[in-house]
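> following is a predicted model, sequence given first.
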Amino acid sequence: MPLPLIIEFSGGAELLCGNVKKHNVELPEQKDKWQVRTLLPWIRDNLVQERPELFMQGDTVRPGILVLINEADWELMGELDYELEENDRIVFISTLHGG
Amino acid sequence: MADIKELQEALLKKDEEIRLLKQKVEEANAQLRVVTTANADVVSKLLETSSKLSNDDIMRYSRQLILPDLGVKGQIGLKNSSVLIIGAGGLGCPAAIYLAAAGIGRLGVVDYDEVELSNLHRQILHTESRVGLSKSLSIARSCHSLNSSVEYVPYQLQLDSSNALDIIKCYDIVLDATDNVATRYLLNDACVLAGKPLVSGSALRFEGQLTVYNYEGGPCYRCLYPRPPPPETVTNCSEGGVVGVVPGIIGSIQALEAIKIASGLGSSYKQRLLLFDALDGTFRTPKLRPRNTDCPVCGDKPSIQQLIDYEQFCGARASDKDKDLHVLEENCRISPKEYAEMLKGGEPHILLDVRPAVELDICRLPQPALNIPYSSFGKSGTTCPSDLSQAMEKYGEDEKVPIVCVCRRGNDSQLVVRELKEKLAGKNVTVMDIKRGLYGWQKQVDQSFPLY
């Protein structure tokens, strides 16, 4: 069964994905459960259109991007180890510095 | 005869009125003297506290005094509180005016910069007549004319590791209304070391963010962002643009949270992030992680016990001013004057404007240009963008015409030249850029050319 998710980008992170903020995606079925750890490279390869190094560094997001899982800081949810469930909403927020 | 006498008396009366008004202006100006060092007398003096409201206070603040949650106790809390705003820009202006209006005891405003015309669409306390004046003084004057009972301290200086703690220690609450990463880390660390809550706001394009850090055991900025972002991912308002009302909304909420803290109501944004999206019309407030006990500054065993060099830590300067890049050799660049000569002589070439398309609608050079934005060069991989290849083919294989790149300030154009040289290696095509871009063109060639 493919896994439907809502992936969102804000704070300028959407510029990496053709300036599209909201993406309804379906992750292909796989043997192991999808985790945020495996979701990140999938997003890099399937949604990010330019400069992938500005999305990921090593196995995690680059400094200055905050990740929300269903409206909560991903650190409260287990970060990379979080096991994705149907219709989860994952948001990548680039922090703003202007004023 | 009687008429003349009456008029003379009226005149004398008016003269006296003028004298009194002039005296008031002088008094106001004397009170609003800018502070340029951290250890000036005016700052070391603590705010005088009082335990009651005057009759004028009661009338002025009556509409908030009758709120049971605020009341006299809350108003006295405001009167006995001091707030420091760092950054007298798009966030600092609305924050300052609402804090002044609400009757905060002392309001300090720090900014090293002066008012520019391109500030006025969002920095709404400055005025046309104050272009060139200190921004912090401009804010103090505007706030003073709304509420003269507040004590204003305008600082015209760059906040840095040498002065931040001395300034911050004289205030109860700090507002981060700055425009750059280095100052945000500086302010965070200084507020942790001084034990002050930090109401932090930011805005860009159509979005705003807000969190209260280091407040009642909540996380600090470093708990959330232990490592600074790569400098190339940071966009400022001059580069990315901003709708004026967006910092207006975020700055107003910063004032609101400071008022809630000062009046004893407490802030709603401890361990919470406010995300405002003006295009979608949405406000979201996700919950954040708690304080990190291993945080290098607010953790249980902090490794940072005094302020560090934040420009070095962030690899970026503590301002949002655009810097001139120097990545090309001089012989790959021409001056705007030289380009004007090329145009005059009718020299065949391809003009490549690398600005975002929206900026070509604002102004363009008097020569048909091919527009390929800088941001799209990364996407074409190792090949030359097809539009450019087509333009080059028009001139045939034998006739190699030079490619002249232009942008707003002459930074992106250099990066494009460098990239094109790699992509066109072995093709014997001259690629160059116009030094200082359209800014240079306006200065050297056409003073009537619009700048933005």
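Here it is on my side, so go on. Just so we're clear, the structure is a prediction, and the values are computed from it rather than from any experiment.

> and the helices in chain A?
Assigned by DSSP state H, the helices in chain A fall at A:36-46.

> each with direction, which strands does the lowest-mean-pLDDT helix or strand in it pair with?
Taking mean pLDDT, DSSP states H and E as the measure, chain A has strand A:56-57 as its least confident helix or strand, at a mean of 94. Strand A:56-57 pairs in its sheet with strand A:60-61 (antiparallel), by DSSP bridges.

> so after the helix or strand harbouring B:Leu84, what's the next helix or strand?
Per DSSP states H and E, B:Leu84 falls inside strand B:82-86. Counting by DSSP H and E, the element after strand B:82-86 in chain order, helix or strand, is helix B:92-102.

> may I see the buried residues of that following helix?
B:Gly92, B:Cys93, B:Pro94, B:Ala95, B:Ala96, B:Ile97, B:Tyr98, B:Leu99, B:Ala100, B:Ala101, B:Ala102 (16 or more other CB atoms under 10 Å in any protein chain shown). The C-beta positions use only the backbone N, C-alpha and C, and glycine is treated the same way.

> for it, packing partners?
The criterion is 3 or more CB pairs under 8 Å, 6 or more residues apart in numbering or on different chains; DSSP states H and E, and the helices and strands that helix B:92-102 contacts are strand B:82-86, strand B:106-110, helix B:135-146, helix B:245-262.

> so for A:Lys31, which of these sits nearest?
helix B:245-262 (45.8 Å; CB to CB).

> which strands and helices sit next to the helix or strand just after the closest one?
Per DSSP H and E, the first helix or strand lying C-terminal to helix B:245-262 is strand B:274-277. Using 3+ CB pairs under 8 Å, 6+ apart, the elements in contact with strand B:274-277 are strand B:207-213, helix B:245-262, strand B:282-284.

> and these, which is most packed in?
strand B:207-213 (a mean of 27; mean count of other CB atoms under 10 Å in any protein chain shown).

> check which element follows that one along the chain.
helix B:221-224.

> for the following helix or strand past that next one, what is the distance to the chain centroid?
Next helix or strand after helix B:221-224 toward the C-terminus (DSSP H and E): helix B:237-240. Averaging C-alpha positions (CA atoms, centre = their mean, to the nearest Å) puts helix B:237-240 10 Å from its chain's average.

> now helix B:237-240: buried residues?
The neighbour-count check on helix B:237-240 (16+ other CB under 10 Å) flags B:Cys237, B:Ser238 as buried.

> residues in contact with the least confident helix or strand of chain A?
Contact partners of strand A:56-57, identified using CB atoms under 8 Å, 6 or more residues apart in numbering or on different chains, comprise A:Leu40, A:Pro41, A:Arg44, A:Arg62, A:Pro63.

> what is the burial count for the closest residue to the first one other than its chain neighbours?
Translated: A:Leu40. What sits nearest to A:Leu40 in space, not counting adjacent residues and going by CB to CB, 6 or more residues apart in numbering or on different chains, is A:Met56, at 5.8 Å. Residues near A:Met56, counting by other CB atoms under 10 Å in any protein chain shown, number 16.

> kindly report the same for A:Glu83.
The tally of other residues near A:Glu83 (other CB under 10 Å) stands at 13.

> looks to me like B:Cys170 is in a helix.
No: using DSSP: H, G, I helix; E, B strand; the rest coil, the secondary structure at B:Cys170 is coil, not a helix.

> that one against B:Val110, yeah?
No: the pair B:Cys170 / B:Val110 is not scored as a contact, 11.8 Å apart, by CB atoms under 8 Å.

> out of those two, which sits in the busier spot?
B:Val110 (30 against 19).

> still on that earlier bit, quick one: closest of the helices and strands packed on helix B:92-102 to B:Thr282.
helix B:245-262 (12.3 Å).

> is the closest one up against chain A anywhere?
Yes: against chain A, helix B:245-262 shows contacts by CB under 8 Å from any CB of the partner chain at B:Pro247.

> for that helix, packing partners?
Secondary elements touching helix B:245-262 (3+ CB pairs under 8 Å, 6+ apart): helix B:71-79, helix B:92-102, strand B:173-176, strand B:198-204, strand B:207-213, strand B:274-277.

> so can I have JSON lines of the helices and strands packed on helix B:92-102 showing mean pLDDT?
Listed next are these as JSON lines, based on pLDDT from 0 to 100:
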{"stretch": "strand B:82-86", "mean pLDDT": "98"}
{"stretch": "strand B:106-110", "mean pLDDT": "97"}
{"stretch": "helix B:135-146", "mean pLDDT": "96"}
{"stretch": "helix B:245-262", "mean pLDDT": "98"}
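
> mind putting these in JSON lines, distance to B:Arg227 included?
Shown next, in JSON lines, are the helices and strands packed on helix B:92-102 (distance: least, CB to CB, whole Å):
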{"stretch": "strand B:82-86", "distance to B:Arg227": "22"}
{"stretch": "strand B:106-110", "distance to B:Arg227": "26"}
{"stretch": "helix B:135-146", "distance to B:Arg227": "31"}
{"stretch": "helix B:245-262", "distance to B:Arg227": "24"}
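
> so which of these comes closest to B:Asp56?
helix B:135-146 (14.3 Å).

> quick one, the closest one and strand B:82-86 angle?
140 degrees (axes from the mean of the first three to the mean of the last three CA atoms, to 10 degrees).

> which residues sit against the helix or strand that helix B:135-146 is followed by?
Heading C-terminal from helix B:135-146, the first helix or strand you meet, by DSSP H and E, is strand B:151-155. Applying CB under 8 Å, 6+ apart, the contact partners of strand B:151-155 are B:31-32, B:34-36, B:42-43, B:47, B:100, B:105-111, B:134, B:136-137, B:139-140, B:143-144, B:167.

> angle of strand B:151-155 against strand B:106-110?
In terms of direction (the same axes, to 10 degrees), strand B:151-155 departs from strand B:106-110 by 10 degrees.

> ok, and for strand B:151-155, which residues are buried?
Result for strand B:151-155 [16+ other CB under 10 Å]: buried residues B:Glu151, B:Tyr152, B:Val153, B:Pro154, B:Tyr155.

> the second one bridge partners, please.
What that stands for is B:Tyr152. Beta-bridge partners, per DSSP bridges, of B:Tyr152: B:Leu107.

> tell me the spacing between it and chain A.
To chain A, B:Tyr152 is 20 Å away according to CB to the nearest CB, to the nearest Å.

> do you know how far that residue is from B:Arg33?
Separation of B:Tyr152 from B:Arg33 (CB to CB, to the nearest Å) stands at 10 Å.

> and stretch B:140-147, how far from the chain's centre?
On CA atoms, centre = their mean, the centre of stretch B:140-147 falls 20 Å from that of its chain.

> do stretch A:90-99 as well
Chain-centre distance of stretch A:90-99: 13 Å, with CA atoms, centre = their mean.

> hmm, that stretch touching chain B?
Yes: for a cut-off given as CB under 8 Å from any CB, stretch A:90-99 has contacts with chain B, namely A:Val91, A:Ile93, A:Ser94, A:Thr95, A:Leu96, A:His97, A:Gly98, A:Gly99.
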